[in-house]
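I'll drop the sequence and a predicted model, then ask my questions.
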Amino acid sequence: SVMAGPINQARAKISKIFNGDPQSYTRFNLAQNVDGESSHVEVKLSGDVEEMDGIEAGHHRPASTYTQKPLRPNKRWCYGAGVILLIFLSGYLIGYMVHSKSDSSKAPETGGLASTLAQPNEDTNEENFAVAPEPFLDWSAITSMLRQSLTPSAFNDQLRNFARDKHEAGSEGDEALANKVLNIFSSLEMSPWTDEHYVQLQVPSSSNANTVLFGSEEIGRPKGYLAYSATGTKQGKVAYANFGEIDDLKYLQEIGMDLRENVLLMRTGKISLTEKVANAAKFSAAAVLIYPEPAGNSYDTTTELYGHVHFGTGDPYTPGFPSFNHTQFPPAKSSGLPEILAQTITPDMALKIHQKMKGKDAPTSFKGTLKGLSKYVLGGDGDVVSVTVNNVQVDTKIHNVFGVIKGFVDPDRYVVIGAQRDSFSWGYAKSTVGTCLLVELAKAITEMKKAGFRPRRSIVFASWSAGDYGSVGATEWLEGYLNSLDKKAFTYISLDGVVLGRSKFRASASPLLHSLLKETLNEVKVAASKDSTLFQNFGKEPFEAVLEPMKMEDGAYPFLAFSGIPSVSFRFVSDGQGYVYYGTALDNKDNLDIATDQRLGEFCVSAAQVAGQMALRLVHDHILRLDVTSYTRLIRKHVAAINVRVTQLKHANTMSSPLSSEWMMSASGSYGRAADAVMNDIQNSNLEDEEMCRNINDRIMRVEHNLLSPYVSPRDVPFRHILFGSGDHTVTALIEHLRDVKEQVAGSDADLLRNQFALATWTIQSCANDLAGDVWALDNEI
């Protein structure tokens, strides 16, 4: 380079002063001498090439692993002379650089995206100059590049390319789509790979149909089904249970209906199919029949409904561990598998049952929109229904497909963008749109990288299979890399079901991502407008109203609650019932076009910008855009609710010795102070110091994972997150148990309560300790 000559001359002169040989360092060696002397420490200063030998990108040796030899007394006068010469040479070099900089600044920039080249002199050999590293682009340039790379026409083309009627998990259609994704990733040089799993899926028997009878009359043989239902035949009185929510079932009990061994008839909506069946099981029902409720004249009343009823995610026959081929696991099954029958029926079949039922009139809140039915009743003693489920388990090979855009500073840290690929039927909104967004974002960001974008961290693109069976492909991947992903993957962005309507924007996310999501909505422009942002267009309500709790059927849920990776999902929706075609053959292009007012391509662009811009922000900035202070507020809110319950419990005097919330409040305070300390470290740090940034980012990354309870097994209790998980270890379960002990509800246990209290407290305190950083920075009052 231009500077090579003067620098080399200066080094040669300094070397001669120090007896001809350049001073050198070696790595710190703590090997014990054979003669029993103390460890010998030799330090040599090697050349530039030697210093980089063996250092991987993104990894830095601690400064403490190097030390100097002691100076020799008879050479001290040489160092004095060396200091004087160094001052002289430093002044010379600074002057030279200032002169070079002023000359180079006159050279014109190219393309608006700075790519800096060292300009050689006319008499300099070509081999003596090198290309300097390209600078990182500023944020406005990055967002502009992304916006220009995404167009409605490109999405419309991809939608035509990926639309497919039959592509159930593991089928030929699913494999064909997987190969399309793989080929695109290969053409983009994204180092693609696949992840193969052998999972157990449940499908209808090819020889024995599922059937529903009212008395002796056959109501129908539905083709739709609910995977992972119990099998066999059950007979019982039929009762209409509305949406199947707990309050609906409690109402039936309160008016004197005994739901034990009954067949409960429910309509879709409000809660997931899985929750409906789980609620029925809590009331000891024998079976559940669920039908889709028509939405206007476009809904065919012979429409079949598909879904699953595993109260969990992943392969339920390998809970907590991955379904890799030839792995010898003992027989096991998930505790989330229902022990009652569950079957879907068409609206026409539901109408037949409703018309035959007798009993009390249903309340107004139970009345639906089933065509041909004017009066809803709850069911009488003579209304007997038989349900037969003959589903069978099949071993199925599935493939997840991946591609990566590697980072330049910390390539081993990555954000994952994923989309479900399979579907029971068309799955246009559920899987096709998300898959198209995945490949178009991969194309856009790859082109941006070629044009000068240099992400600090990597982006992994993932196409999942068996999503319709409960995020099976994604969960098996998480289980397969359980001990490494939380240290590498710092965010998951789900593209499932992102376009369902046109009038509102909704999102579910880890609190760590709330601030980034809000910033993104304030920056992303509406596809059809150059000035209006998404938040201006869809944010006619407070940002808090945009946020919804993340449900188990959400594709992002296992990343958050099982693996402790900050996750986000989002969607454009419409008012009213919303998009009611999920899980049916009516989830097709025509109905999604109607739901989006024929602007599907535009909404795809907006959705891609939201996902893409969040991902780019996370891989571009020096410090991860994960707001650790958001958990300060949430933890304080939960601790305040616990404190209220503890006070009520003390006044009730139902425990032999009082329970104190002092240490829980102390742990909450510890977390708040640790979060503030991280923010202070960020403000007072040199962001150009890569090692310091990496250390801070590692502390931030671990927050979500540290909120997984370490006191329960992922095999028995997969969703270990104390705030968003499911089980006795959660803060929600603790609050409910405090109430039950106070009211002396049957099954409440004071000793169990104390354990819950202690373990939740220490989970929060441990999270605070890790966030604080070094051990000498910990708040160790507990």
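Thanks, I have it. Since we're looking at a predicted model, the values are computed, not measured.

What would the longest strand seen in the chain look like as PDB? C-alpha coordinates only.
The longest strand of the chain (DSSP state E) is strand 392-405. What follows is strand 392-405, C-alpha atoms only, in PDB (Å, rounded to 0.1, in the frame of the first residue of the first chain):
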ATOM      1  CA  VAL A 392     -53.000 -44.300  12.300                       C
ATOM      2  CA  GLN A 393     -49.400 -43.300  13.000                       C
ATOM      3  CA  VAL A 394     -46.900 -43.200  10.200                       C
ATOM      4  CA  ASP A 395     -43.100 -42.800  10.300                       C
ATOM      5  CA  THR A 396     -42.400 -39.900   8.000                       C
ATOM      6  CA  LYS A 397     -39.100 -38.500   6.700                       C
ATOM      7  CA  ILE A 398     -39.200 -34.700   6.600                       C
ATOM      8  CA  HIS A 399     -36.600 -32.100   5.500                       C
ATOM      9  CA  ASN A 400     -35.900 -28.600   6.800                       C
ATOM     10  CA  VAL A 401     -34.000 -26.500   4.200                       C
ATOM     11  CA  PHE A 402     -31.500 -23.800   5.200                       C
ATOM     12  CA  GLY A 403     -29.300 -21.100   3.600                       C
ATOM     13  CA  VAL A 404     -27.100 -18.500   5.200                       C
ATOM     14  CA  ILE A 405     -25.800 -15.000   4.500                       C
END
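
Output the contacting helices and strands for the helix or strand just after that strand.
Per DSSP states H and E, the first helix or strand lying C-terminal to strand 392-405 is strand 410-420. Packing partners of strand 410-420 (3 or more CB pairs under 8 Å, 6 or more residues apart in numbering; DSSP states H and E): helix 433-450, strand 457-464, helix 482-488, strand 489-494, helix 600-620, helix 690-706. All C-beta spots, glycine's among them, are computed from the backbone N, C-alpha and C.

switch the cut-off to 7 Å
helix 433-450, strand 457-464, helix 482-488, strand 489-494, helix 600-620 (3 or more CB pairs under 7 Å, 6 or more residues apart in numbering; DSSP states H and E).

Leaving out sequence neighbours, find the closest residue to Tyr650.
Check again: residue 650 is Lys, not Tyr. Nearest residue to Lys650 in three dimensions, chain neighbours excluded: Pro658, at 5.5 Å (CB to CB, 6 or more residues apart in numbering).

The one you found belongs to a strand, doesn't it?
No. If the criterion is DSSP: H, G, I helix; E, B strand; the rest coil, then Pro658 is coil and not within a strand.

Give the residue spans of the chain that score low on pLDDT.
1-135, 295-298, 325-330, 527-531, 539-540, 777-782 (pLDDT under 70).

circling back to that earlier point, mean neighbour count and distance to Phe402 for the helices and strands packed on strand 410-420 - can I get that in TSV?
As requested, these are exported to TSV (neighbours: other CB atoms under 10 Å; distance: least, CB to CB, whole Å):
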stretch	mean neighbour count	distance to Phe402
helix 433-450	23	11
strand 457-464	25	5
helix 482-488	15	13
strand 489-494	27	12
helix 600-620	24	15
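
Adding distance to Ser567, write those out as CSV.
Shown next, in CSV, are these (distance: least, CB to CB, whole Å):
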stretch, distance to Ser567
helix 433-450, 15
strand 457-464, 13
helix 482-488, 12
strand 489-494, 4
helix 600-620, 11
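
among the ones you listed, which is nearest Pro192?
Closest of those to Pro192 is strand 457-464, at 8.9 Å (criterion: CB to CB).

Report the angle between the following helix or strand past the closest one and strand 410-420.
Moving toward the C-terminus from strand 457-464, the next helix or strand (DSSP H and E) is helix 472-480. Here helix 472-480 points in a direction 150 degrees away from that of strand 410-420 (axes from the mean of the first three to the mean of the last three CA atoms, to 10 degrees).

Check which helices and strands helix 472-480 sits against.
Against helix 472-480 (3+ CB pairs under 7 Å, 6+ apart) you get strand 193-203, strand 392-405.

Mind putting the ones you listed into JSON lines with distance to Asp770 and mean neighbour count?
Listed next are these as JSON lines, based on distance: least, CB to CB, whole Å; neighbours: other CB atoms under 10 Å:
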{"stretch": "strand 193-203", "distance to Asp770": "30", "mean neighbour count": "19"}
{"stretch": "strand 392-405", "distance to Asp770": "28", "mean neighbour count": "19"}
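
Tabulate the ones you listed (TSV), appending distance to Gly256.
Listed next are the helices and strands packed on helix 472-480 as TSV, based on distance: least, CB to CB, whole Å:
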stretch	distance to Gly256
strand 193-203	36
strand 392-405	39
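
Which residues does the helix or strand hosting Glu519 contact?
Using DSSP H and E, Glu519 maps to helix 514-523. Contacts made with helix 514-523 from outside it, assessed by CB atoms under 7 Å, 6 or more residues apart in numbering, are listed as 143, 507, 509, 533-535, 539, 543, 568, 610, 613-614, 617, 625, 627, 630.

centre of the chain versus that helix, how much separation?
Counting by CA atoms, centre = their mean, to the nearest Å, helix 514-523 is centred 17 Å from the centre of its parent chain.

re earlier: so which of the helices and strands packed on helix 472-480 comes closest to Thr313?
Of all the helices and strands packed on helix 472-480, strand 193-203 comes closest under CB to CB, at 11.9 Å.

elements contacting the closest one?
Using 3+ CB pairs under 7 Å, 6+ apart: strand 193-203 touches strand 392-405, helix 472-480.

So for Gly555, which of the ones you listed sits nearest?
If we rank the helices and strands packed on strand 193-203 by CB to CB, the stretch that ends up nearest is helix 472-480, at 6.7 Å.

distance between the closest one and the chain's centre?
12 Å.

immediately after the helix holding Glu519, which helix or strand?
Counting by DSSP H and E, what follows helix 514-523 is helix 534-538.

could I get the helix holding Glu519 in PDB with only the CA atoms?
The C-alpha trace of helix 514-523 is given here as PDB (Å, rounded to 0.1, in the frame of the first residue of the first chain):
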ATOM      1  CA  HIS A 514     -40.900  -4.600  21.400                       C
ATOM      2  CA  SER A 515     -38.800  -1.400  20.900                       C
ATOM      3  CA  LEU A 516     -37.200  -2.700  17.700                       C
ATOM      4  CA  LEU A 517     -40.700  -3.600  16.300                       C
ATOM      5  CA  LYS A 518     -42.100  -0.200  17.100                       C
ATOM      6  CA  GLU A 519     -39.100   1.600  15.500                       C
ATOM      7  CA  THR A 520     -39.500  -0.600  12.400                       C
ATOM      8  CA  LEU A 521     -43.200   0.200  12.100                       C
ATOM      9  CA  ASN A 522     -42.300   3.900  12.300                       C
ATOM     10  CA  GLU A 523     -39.700   3.500   9.500                       C
END
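
Okay, buried residues for that helix please.
Of the residues in helix 514-523, His514, Leu516, Leu517, Lys518, Thr520, Leu521, Glu523 count as buried by neighbour count, 16 or more other CB atoms under 10 Å.

Need the phi and psi values for the residue nearest to Lys650.
Taking degrees, to the nearest 10, you get phi -70, psi 150 for the backbone angles of Pro658.

Same check on Ser423?
phi -160, psi 150.

who does it bridge with?
Counting by DSSP bridges, Ser423 forms beta bridges with His167.

burial of it, as a residue count?
Here the number of neighbours of Ser423 (other CB atoms under 10 Å) works out to 29.

can I assume it is in contact with Lys166?
No. Proximity of Ser423 to Lys166 does not meet the contact threshold set by CB atoms under 7 Å, at 8.9 Å.

how near is Ala507 to Asp248?
28 Å (CB to CB, to the nearest Å).
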